[in-house]
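A.B. asks: Structure for this input, please:
(chains A and B)
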Amino acid sequence: MSRYKLKKQDVEDLVTGAAILGTGGGGDPYVGKLMVLQQLERGKEIEIVDMEEIDDNAFVVPVAAMGTPVVLFEKIPSGKEAIFSLNLLEQYFNKKVDFISPIEAGGINSTIPLVVGAERKLPVIDADGMGRAFPELQMVTLHVYGIKATPMALSDERGNAVILDTVDNFWAEKIARAITVRVGGSAWIAIYPTTGKPYKQAAIKGSISLAIEIGRVLREAKASGRNPIDALLDLTKGYELFKGKIIDIKRFNVGGFARGEAVIEGYDNYKNSRLIVRFQNENLVAIRDNEIIASVPDLITILESETGKPITTERLKYGLRVLVIGFPCTEKWRTETALRVVGPKYFGYDIDYLPIENRMRKISTLT
Amino acid sequence: MTKYKIGIDVGSTHTDAVLLDENNRIIYADKTMTTQDVTSGIINALKLVLENSKIRKDDVVAVMFGTTHIINAIVQRKGLGKVGVIRIGLPATEAIEPLLDWPSDLRTVVLAGSAMIKGGHDYTGEPIMEFDEEKAKRVLERFGELRVDAIAVTSVFSTVNNEHEVKIKEMASRILPNTPVVLSHEISSIGLLERENATVLNAATINVMQNAMKALKTALIDLGLSHAKMFFAQNDGTTALAEYILRFPIFTTIAPVSNSIRGAYVLTGIPNALVADTGGTTTNIGALVNGYPRETLEIEIGGVRTNIRAPDLLAVGLAGGSIVKFHNDDVSIGPLSVGYRLIWEGIAWGGNTITATDIALAKGAMYIDDPNCKIELAKEKIPSKMIDLAYNKMVSMLEDYLDRIKTRPEPETVILVGGGSAMWPKKLKVAKEVIRPEYAQFANAVGAATALVGSTVEKAYSYEKIAREKAIQEVSEEARQRAIDAGAEAGSVEIAEVEEVAMPYLPGTAVKIRIKAVGKLRL
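C.D. replies: The predicted structure is shown next:
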């Protein structure tokens, strides 16, 4: 299946999957889900295409929302913001956009390109630039592969639109963030404009289908009385990291980021053991009894143990019974260059990255 | 002359009534069955109090209700008004139409028509666009033709700047002078869809409240209580005059639950504790913080996501009537319950269903003052090994639920209330002390009868535009004024809570300020 149209059930499943891939951050995709469902309700179509379908010379532009979730939940978008951005980029390059792409597989930004695709009747590529959620514009595989974030366009719901051309992708992040605040705390961006060939080398393939598949597997397992977590771990090649009760939550607001840690006391097989999950918007490091068992860029997700629902970092609280799972990120994040952008050291943890598979293998040989 | 208050609580099976003197001493308490229409059960309970307490009717100054009229109407989709929905925020917000996420049967009943208009504000208070007065006028005229029962108005960031919502109200007072207009900034907080939903539900239930009040007022006149003021309990543990509640019926949806938590405080004098209210089918577990229920940010009402302030609550199917089942060496308790049929179906009453109450009776943990309840039956029919197994299980379930509502590891005081609460032991693992006060079974009605008049106002500010002290003063003043509107004696109003929350990921100076003002009843 190289091209297909999204159905209502796909959207529900995708949002479940996006919350899991959001690793505690990325914003609650509830508003995003409603935006997509509204498009389908209005009779619009959302077409998903396989990455391999993209012509080497096709003009590909990822789109995303930027800013704070609080504003997005109050000033609901018009859904047409990104069209101003796309139009401006088309003018600038003097050519039409052929495909749009998600930049983030987790959280609310997994749904934004679908809204744009429906409004602009543009196919959406089944791929993204993170395979999860991250907080900054340069934390994208496209950046690691040398694609420039700019010229990028940013616009608000009024129709204000700007083109940015910056010396590097870090400056794109800084300037775009400042403009976003000025237009009211949320903006829509068209960024990392590129052509098919470099895009296909850099992007993470199959992100939309993976999110949908995660949602579907969980839903079907629940409906048939099977253990949804086993099904999820099978699909993502993931690991159950811990089971327990949250006994402490510490939060610090550092430089506008919601940093903190959750202390989880184990039960069942994890009795007499403790897990600490450190987060900054997203869950970043999991430490069991002083030993690191998983770290960014691998994915760490905390689920409510009874319902299997993922919990965002702002909703972590004392007393919650949780199941912590971890799964491997894309190989594209595991190079030395990539780890400089998204490895534990970038987030201020003085530890070396080891793939979660290696850490797990080490633990299982020890015990 | 002693001034008396009557508190009424409508539960799922029983309607309770208590009579208090002006020092909040309980003079009389009684209960009767809840009726399907709610109102006739309330009248029966009032009659019981008046006939048995022998006080002079003239001395009753207030009747204070904790009622389920509104939640029942929403859940059953009965008697709801048709609402004209206005959202101000275009070109923003167009991506999701009003009521998109509602259960379709409820939407069909409630939605008369909806319109989106240019206007609204940013978090800074700057307008998104100029307010489209022409369109607003046309929409209001159309709502007139559609004969809407009420209008719900929600503007983007009206918690920062409410001018466009207020504008619609002014226009409607000329174009549709007799139609109630509900403004979202008076209902709840940031989160457009949740606030809009709450505003529409409020608009849809004004009719319901009007009818309920009319019936209750007639009943008071018939009972010789026409001079008594009517108050209705609110979700936040305070109360308000009937006239005020007529504008804000949504504030009563889950008040009975808050009343039991508040009642636990009044009966014990302990302001910070965990409270478990055990009835026949459900145990509601909440927390008392400084004498009021701890609140949560989101609550679903009748399948609709809203953000009205409501007690943070764990409702579990573990109560007096919970059905006990044995499977080999294991046992399960609830969530199925025999409910009010306990006194026919329970083992101790000669029935055939083992309930949590039977287990507690057989264990010797409780005693029931009812000649038809025979503890021996429970002891004979349930093997003693099973009794211990089941009792230990239900206690550890309660302990586990209590632990979930805690916010810190230290043991807390646990207050047990409700008709089924006698079955619990005097010691619990999570508790530094377990208290089951006298009149525990009437905690809800006591909470309703002793509540202070209150109002909560929440607004958002950017401290770049206004000094912090000035912002807090502004919200305090508004809360104080609303408490007076709600029936508080002006001189008695105090600020009970101030909460200031920074809005994440915005420049450090954007905050939400929430202030609760409370005062004595104006009688």
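A.B. asks: quick one: contacts for the residue of the stretch 51-200 of chain B found nearest chain A?
C.D. replies: At 3.3 Å from chain A, B:Ala95 is the closest residue in the stretch 51-200 of chain B, using Cβ to the nearest Cβ. Backbone N, C-alpha and C define where each C-beta goes, glycine included. Counting by Cβ atoms under 8 Å, 6 or more residues apart in numbering or on different chains, B:Ala95 makes contact with A:Met35, A:Gln38, A:Ile76, A:Pro77, A:Ser78, A:Gly79, A:Val115.
A.B. asks: Find the nearest non-adjacent residue to the second one, please.
C.D. replies: The shortest distance from A:Gln38 to any residue other than its chain neighbours is 5.2 Å, reached at B:Ile96 (Cβ to Cβ, 6 or more residues apart in numbering or on different chains).
A.B. asks: and if you look at the third one?
C.D. replies: With Cβ to Cβ, 6+ apart as the measure, B:Thr93 is the residue that lies nearest to A:Ile76, at 4.2 Å, once sequence neighbours are left out.
A.B. asks: With A:Val342 instead?
C.D. replies: Going by Cβ to Cβ, 6+ apart, A:Val342 has A:Pro297 as its nearest residue, at 4.6 Å.
A.B. asks: is it true that that neighbour touches A:Cys329?
C.D. replies: Yes - proximity of A:Pro297 to A:Cys329 meets the contact threshold set by Cβ atoms under 8 Å, at 4.4 Å.
A.B. asks: about what we covered before: so the residue nearest to A:Val342: helix, strand or coil?
C.D. replies: coil (DSSP: H, G, I helix; E, B strand; the rest coil).
A.B. asks: With A:Phe279 instead?
C.D. replies: Put simply, A:Phe279 is strand when judged by three-state DSSP.
A.B. asks: so it bridges to which residues?
C.D. replies: A:Gly260, A:Asn283 (DSSP bridges).
A.B. asks: mind listing what it touches?
C.D. replies: Per Cβ under 8 Å, 6+ apart, neighbours of A:Phe279: A:Gly24, A:Gly25, A:Ala258, A:Arg259, A:Gly260, A:Glu261, A:Ala262, A:Thr313, A:Leu316.
A.B. asks: Report the lowest-confidence entry in the contacts of B:Ala95.
C.D. replies: Among the contacts of B:Ala95, A:Gly79 has the lowest pLDDT, at 91.
A.B. asks: Could you count how many residues lie near that one?
C.D. replies: The tally of other residues near A:Gly79 (other Cβ atoms under 10 Å in any protein chain shown) stands at 26.
A.B. asks: the bottom helix or strand of chain A by mean pLDDT?
C.D. replies: Every helix and strand of chain A was ranked by mean pLDDT, DSSP states H and E. The lowest is helix A:356-366, at a mean of 84.
A.B. asks: re the thing from before, tabulate the contacts of B:Ala95 in a markdown table, adding columns for secondary structure.
C.D. replies: Shown next, in a markdown table, are the contacts of B:Ala95 (three-state DSSP):
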| residue | secondary structure |
| --- | --- |
| A:Met35 | helix |
| A:Gln38 | helix |
| A:Ile76 | coil |
| A:Pro77 | coil |
| A:Ser78 | coil |
| A:Gly79 | coil |
| A:Val115 | helix |
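A.B. asks: can I get those in TSV with distance to B:Leu313?
C.D. replies: As requested, the contacts of B:Ala95 are exported to TSV (distance: Cβ to Cβ, whole Å):
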residue	distance to B:Leu313
A:Met35	31
A:Gln38	32
A:Ile76	28
A:Pro77	33
A:Ser78	37
A:Gly79	36
A:Val115	35
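A.B. asks: Please parse chain B into its domains.
C.D. replies: B:4-73+B:210-253, B:81-204, B:271-412+B:426-433, B:452-519 (automatic domain parsing).
A.B. asks: ok, and whichever residue of the stretch 201-350 of chain B sits closest to chain A, which helix or strand is that part of?
C.D. replies: Of all residues in the stretch 201-350 of chain B, B:Arg305 sits closest to chain A, at 8.2 Å by Cβ to the nearest Cβ. B:Arg305 is part of strand B:304-306, with elements assigned from DSSP states H and E.
A.B. asks: what's that strand in contact with?
C.D. replies: If you take Cβ under 8 Å, 6+ apart as the criterion, strand B:304-306 is touched by B:74, B:101-103, B:106, B:188, B:193-195, B:197-198, B:201, B:250, B:298-300.
A.B. asks: Helices - which of those residues land there?
C.D. replies: Of the positions in the contacts of strand B:304-306, B:Ile74, B:Leu106, B:Leu193, B:Glu194, B:Arg195, B:Asn197, B:Ala198, B:Leu201 sit in helices, assigned by DSSP state H.
A.B. asks: ok, and of those residues, which contact chain A?
C.D. replies: B:Leu193 (Cβ under 8 Å from any Cβ of the partner chain).
A.B. asks: Just give me the closest of the ones in helices among the contacts of strand B:304-306 to B:Ala448.
C.D. replies: B:Ile74 (20.4 Å; Cβ to Cβ).
A.B. asks: neighbours around that closest one, how many?
C.D. replies: For B:Ile74, the tally of surrounding residues (other Cβ under 10 Å) stands at 25.
A.B. asks: moving C-terminal of the longest helix along chain B, what's the next helix or strand?
C.D. replies: Secondary structure of chain B per DSSP H: the longest helix is helix B:384-405. Counting by DSSP H and E, the next helix or strand C-terminal to helix B:384-405 is strand B:412-417.
A.B. asks: what's the angle between that following strand and helix B:384-405?
C.D. replies: 120 degrees (axes from the mean of the first three to the mean of the last three Cα atoms, to 10 degrees).
A.B. asks: for strand B:412-417, the distance to its chain's centre please.
C.D. replies: Here strand B:412-417 is found 20 Å from its chain centre; the criterion is Cα atoms, centre = their mean, to the nearest Å.
A.B. asks: same check, this time on stretch A:297-317
C.D. replies: The answer for stretch A:297-317 is 14 Å, by Cα atoms, centre = their mean.
A.B. asks: From the opening residue of that stretch to its closing one, how far?
C.D. replies: Taking Cα to Cα, to the nearest Å, stretch A:297-317 runs 24 Å from one end to the other.
A.B. asks: Can you give me the buried ones in it?
C.D. replies: The neighbour-count criterion (16 or more other Cβ atoms under 10 Å in any protein chain shown) identifies A:297-303, A:305, A:308, A:310-314, A:316 as the buried residues of stretch A:297-317.
A.B. asks: quick one: buried residues of the helix or strand harbouring B:Val257?
C.D. replies: Here B:Val257, judged by DSSP H and E, is contained in helix B:255-268. Buried positions in helix B:255-268, judged by neighbour count with 16+ other Cβ under 10 Å: B:255-268.
A.B. asks: Just put those in a markdown table and tack on pLDDT and distance to B:Ala362.
C.D. replies: As requested, the buried residues of helix B:255-268 are exported to a markdown table (pLDDT from 0 to 100; distance: Cβ to Cβ, whole Å):
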| residue | pLDDT | distance to B:Ala362 |
| --- | --- | --- |
| B:Ala255 | 93 | 36 |
| B:Pro256 | 90 | 31 |
| B:Val257 | 90 | 30 |
| B:Ser258 | 94 | 34 |
| B:Asn259 | 95 | 32 |
| B:Ser260 | 95 | 27 |
| B:Ile261 | 96 | 31 |
| B:Arg262 | 96 | 34 |
| B:Gly263 | 96 | 30 |
| B:Ala264 | 97 | 28 |
| B:Tyr265 | 97 | 33 |
| B:Val266 | 95 | 33 |
| B:Leu267 | 96 | 28 |
| B:Thr268 | 97 | 29 |
